[in-house]
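1. Let's see this in three dimensions:
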Amino acid sequence: MLPKPTLSALPSNMVEHRGNVSLRCQSHFQNVTFMLGKLQDSGYRQEQRSTGHEAEFLLTHLEPKDAGMYFCAYKTMVSQEWSEESEHLWLQVKATRFIFAATFTCLSILLLFLSIFFINICTQHEPDIPNFPRRRLQGVSHADLNPKAPPKAASVPTEESPGSCECAVRQFSPAVPPPAAQLEGPPS
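-> Below you'll find the model as predicted:
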């Protein structure tokens, strides 16, 4: 059996989307026919005759579907049998930034709509608890429902009636004399 050839990618096995690459197959013999194959596609096959020790297979306008494991083999005019396959070469085709950006944008919009949907669902439905009041209580404050809240007498009024401030000012103002009972000293 013929010794296996070597397969290399020029300039690199990492290729940009719509880019080009040369796959170079080298043998120990001259005047041979080289064959390039793809491991994942049994129908993929290119052949090229060479008077030298090598052949270059130019792959152009590469798409993600062109990525995969490639190999080469050769046969001489005398043997007419293919050599052992070369080591497999992993060809990678990078996706464009546009594809990544479009995918990321679509996923972000989808997550946004799902979030809005679930927030809407959670805020519109009351829990399904037996004996749960189905309508809002009218005229009931949070303090009425909370046993730890201070009693109404201890709470600070939210609205003052007109004149209530004046009365408080007059009562405690130094200009208004205190009631007579408070002027007298302690009973003897």
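
2. Quickly list what Gly68 is bridged to.
-> Beta-bridge pairing for Gly68 (DSSP bridges): Leu91.

3. Same check on the one 5 residues further on?
-> For Ala73, the beta-bridge partners are Met35 (DSSP bridges).

4. Look up how far Thr105 lies from it.
-> 45 Å (Cβ to Cβ, to the nearest Å). Where C-beta positions appear, they are placed from N, C-alpha and C, glycine not excepted.

5. list the buried ones in the helix or strand Tyr70 falls within?
-> Element membership of Tyr70 [criterion: DSSP states H and E] is strand 68-76. Residues of strand 68-76 classed as buried: Gly68, Tyr70, Phe71, Cys72, Ala73, Tyr74, Lys75 (neighbour count, 16 or more other Cβ atoms under 10 Å).

6. Select the longest helix from this protein.
-> helix 97-124 (DSSP state H).

7. Spell out the secondary structure type for Gly19.
-> Using DSSP: H, G, I helix; E, B strand; the rest coil, the three-state assignment for Gly19 comes out as coil.

8. Number of residues surrounding it?
-> 15 (other Cβ atoms under 10 Å).

9. State the distance from it to Phe34.
-> On the measure of Cβ to Cβ, Gly19 and Phe34 end up 23 Å apart.

10. Ok, Ala9 next?
-> The spacing between Ala9 and Phe34, counted by Cβ to Cβ, is 15 Å.

11. Of those two, which one has the most company?
-> Counting neighbours by other Cβ under 10 Å for Ala9 and for Phe34 shows that Phe34 has the greater number, 26 against 18.

12. can you tell me which residues contact the residue nearest to the more buried one when sequence neighbours are not counted?
-> Among residues not flanking Phe34 along the chain, Ala55 sits closest, at 3.9 Å (Cβ to Cβ, 6 or more residues apart in numbering). Neighbouring residues of Ala55 by Cβ atoms under 8 Å, 6 or more residues apart in numbering: Arg24, Cys25, Phe34, Gln48, Arg49.
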